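Trainee: sequence? don't have it. structure:
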C-alpha cells in the first residue's frame, strides 16, 4: 500500500521525553497513500471523515508545552480508522452521510489486509513501542487520546465545548473534569458527545485499559480549533490542566480493573507481527 518514499504510518514527537505521559492522535492527518490519490472526493477528505480537524497542530503544540511524547497517525481515517477494532464495520467506512464511499466499497480481503498491514498495524505497533519505553520508568505513563468533533451531527447541534471520555478507569477523567470546569464559560461533557464505554473507542481500550494505565480521551469541538489562536488557546488550557493533575502519583499506578487480553486476541497477534517488522526496519 505504501511506497518506500512515503511517510511512515505514524510519527513520534519528543521521542526522548521521559515524562510519564503519552499523547496519541489516531485521526491527525488527511493524507492519502499515493496509491489512493484521487480516489476520494476532496470535500470528504477535508471534512471530519478525512481527519479530526485541528488535532494535528493541537497535539504538536501540547506535546511541546508539556515536553511529552506524542504519536500521530500519518494517514487519513477514511483509508482505515486506527481507532476501531478489526471486526468493527466502520474500520473502513463504506458510506458517509448516506453516500457510498466508492474507494472503500466491495474491497477484497487482499485489499483490506493491505491497509491493515501497511497503516493500521504499524501505527499501533509504534504506540506500543513508545508505551513500552515509558513503562520502563518508575512511574507508569498516562495515556491521553486527542480528538475533535463536529459542532452538529445528523441535524443536531452539539453544545459541548469539550468532552471527556472514559470507561472503567475514571482517575484522570475526574481530575480533568474538575480542572476544566474552573472556567465557567466552558461546557464540559462527561462521556459526551461520545462515550468512552462505546466499543469504537478502541485505542484507549487496547493500549491503556488492558494494561491498567490511567487514561482519557478528549474531544474538542472543531470550531474551537479553526484558527491558530484557537489551537494555541486550547493547547495552553490543556497543558495547564494536565500539569496540575499529572503530579498525582495515584495516576501512575496500574488500575486492577483493566480489560482482559482475551478481548483483543486478533489485534494482539496483528500488532505483535507489525512490531517485529517495525523493529527490524528501525534497526537497518
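Mentor: In hand now; what should we look at? Fair warning: this is a prediction, and the values are worked out from it, not measured in the lab.

Trainee: all helices for the stretch 151-284 of the chain, in order.
Mentor: For the stretch 151-284 of the chain, the helices defined by DSSP state H, counting those that start in this stretch occupy 171-180, 202-207, 228-245, 265-283.

Trainee: for the ones you listed, give me JSON lines that also has mean neighbour count.
Mentor: Every C-beta, even on glycine, is put in place using the N, C-alpha and C of the backbone. Putting these into JSON lines (neighbours: other CB atoms under 10 Å) gives the following:
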{"stretch": "helix 171-180", "mean neighbour count": "19"}
{"stretch": "helix 202-207", "mean neighbour count": "23"}
{"stretch": "helix 228-245", "mean neighbour count": "17"}
{"stretch": "helix 265-283", "mean neighbour count": "14"}
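
Trainee: make TSV from these and add mean pLDDT and distance to residue 31 to it.
Mentor: Compiled in TSV, the helices of the stretch 151-284 of the chain are given as follows (pLDDT from 0 to 100; distance: least, CB to CB, whole Å):
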stretch	mean pLDDT	distance to residue 31
helix 171-180	96	30
helix 202-207	93	19
helix 228-245	97	19
helix 265-283	58	19
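
Trainee: among those helices, which comes closest to residue 2?
Mentor: Checking these against residue 2 by CB to CB gives helix 265-283 as the closest, at 11.9 Å.

Trainee: state the distance from residue 44 to residue 93.
Mentor: Distance of residue 44 to residue 93, computed by CB to CB, to the nearest Å: 10 Å.

Trainee: which residues do those two both contact?
Mentor: Both residue 44 and residue 93 are in contact with 78, 101, where contact means CB atoms under 8 Å, 6 or more residues apart in numbering.

Trainee: if we can go back for a sec, who wins for proximity to residue 35 among the helices of the stretch 151-284 of the chain?
Mentor: helix 265-283 (19.0 Å).

Trainee: residue ranges for the strands of this structure, please.
Mentor: For the chain, strands defined by DSSP state E occupy the ranges 10-13, 21-25, 69-73, 95-96, 99-100, 142-149, 152-153, 156-157, 162-165, 188-190, 215-221.

Trainee: show me what contacts residue 192?
Mentor: Residue 192 touches 160, 163, counting by CB under 8 Å, 6+ apart.

Trainee: how close does it sit to residue 166?
Mentor: Distance of residue 192 to residue 166, computed by CB to CB: 12 Å.

Trainee: ok so, going back, is it possible to get CSV of the strands of the chain that adds mean pLDDT, mean neighbour count and distance to residue 80?
Mentor: Below are the strands of the chain laid out as CSV (pLDDT from 0 to 100; neighbours: other CB atoms under 10 Å; distance: least, CB to CB, whole Å):
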stretch, mean pLDDT, mean neighbour count, distance to residue 80
strand 10-13, 98, 20, 13
strand 21-25, 98, 27, 15
strand 69-73, 98, 26, 10
strand 95-96, 92, 15, 15
strand 99-100, 92, 10, 17
strand 142-149, 98, 25, 16
strand 152-153, 82, 11, 22
strand 156-157, 84, 8, 27
strand 162-165, 96, 23, 21
strand 188-190, 96, 18, 27
strand 215-221, 97, 26, 19
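
Trainee: now tabulate those strands in TSV and tack on distance to residue 121.
Mentor: Compiled in TSV, those are given as follows (distance: least, CB to CB, whole Å):
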stretch	distance to residue 121
strand 10-13	11
strand 21-25	15
strand 69-73	12
strand 95-96	24
strand 99-100	26
strand 142-149	18
strand 152-153	29
strand 156-157	35
strand 162-165	24
strand 188-190	32
strand 215-221	21
